[in-house]
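Trainee: Just to be clear, the model below is a prediction. Sequence and coordinates:
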Amino acid sequence: MSIRLKESSNRSSGESCSSIVTAYEKCLIKLAGEQEQYSNKTKARVIQELKEQYDVMSLVEVAEIPRSTYYYWEQRLDRPDKYADVKAQILLVAHTYEGRYAYRRVTEHLKMMGFQHDPKTILRLMREMGLAGKPD
């Protein structure tokens, strides 16, 4: 991966371009592994980790994303997961029935436990957690 940073005179920290690029690349690989392309969400997460050490504007330039995109993801990365309790119950059901329940049966089981969600939401959550079978 080759990342270039334009020489900018507004860097307050005075860090060299190569140290910013190196730190960014190391953190990116640590968080997401070696990939051909990275999502803007992943890039924003890396910038969020490095913003204490480097200037945000320089990091955004290295990540090659618009500044507004970084701030968009920064707001969303700190949000609590609104489906955390449902995910915990899905894991409980999956563990109890040793992964034999598909999303429809999990949805019915969750309804009996008092969790009312659309079956497609349960399917999406199970896919995110790696519990669903083959995609439709």
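Mentor: In hand now; what should we look at? Residues are numbered from 1 along each chain as shown.

Trainee: buried sites along the lengthiest helix in the chain?
Mentor: The helix that spans the most residues within the chain, counting by DSSP state H, is helix 17-32. By neighbour count, and taking 16 or more other Cβ atoms under 10 Å as the criterion, the buried residues in helix 17-32 are 17, 20, 21, 23, 24, 27, 28. Every residue, glycine included, has its C-beta placed from N, CA and C.

Trainee: how far away is the nearest residue to the fourth one once chain neighbours are set aside from residue 22?
Mentor: Spatially, and ignoring its direct neighbours in sequence, residue 23 is nearest to residue 50 (6.0 Å; Cβ to Cβ, 6 or more residues apart in numbering). With the distance defined as Cβ to Cβ, to the nearest Å, residue 50 ends up 11 Å from residue 22.

Trainee: any chance of the buried residues of helix 17-32 in a markdown table, plus distance to residue 57?
Mentor: Shown next, in a markdown table, are the buried residues of helix 17-32 (distance: Cβ to Cβ, whole Å):
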| residue | distance to residue 57 |
| --- | --- |
| 17 | 13 |
| 20 | 11 |
| 21 | 14 |
| 23 | 15 |
| 24 | 13 |
| 27 | 17 |
| 28 | 18 |
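
Trainee: which stretches of this protein form helices?
Mentor: With DSSP H as the criterion, the chain has helices spanning 17-32, 40-50, 56-63, 67-77, 84-96, 103-112, 119-128.
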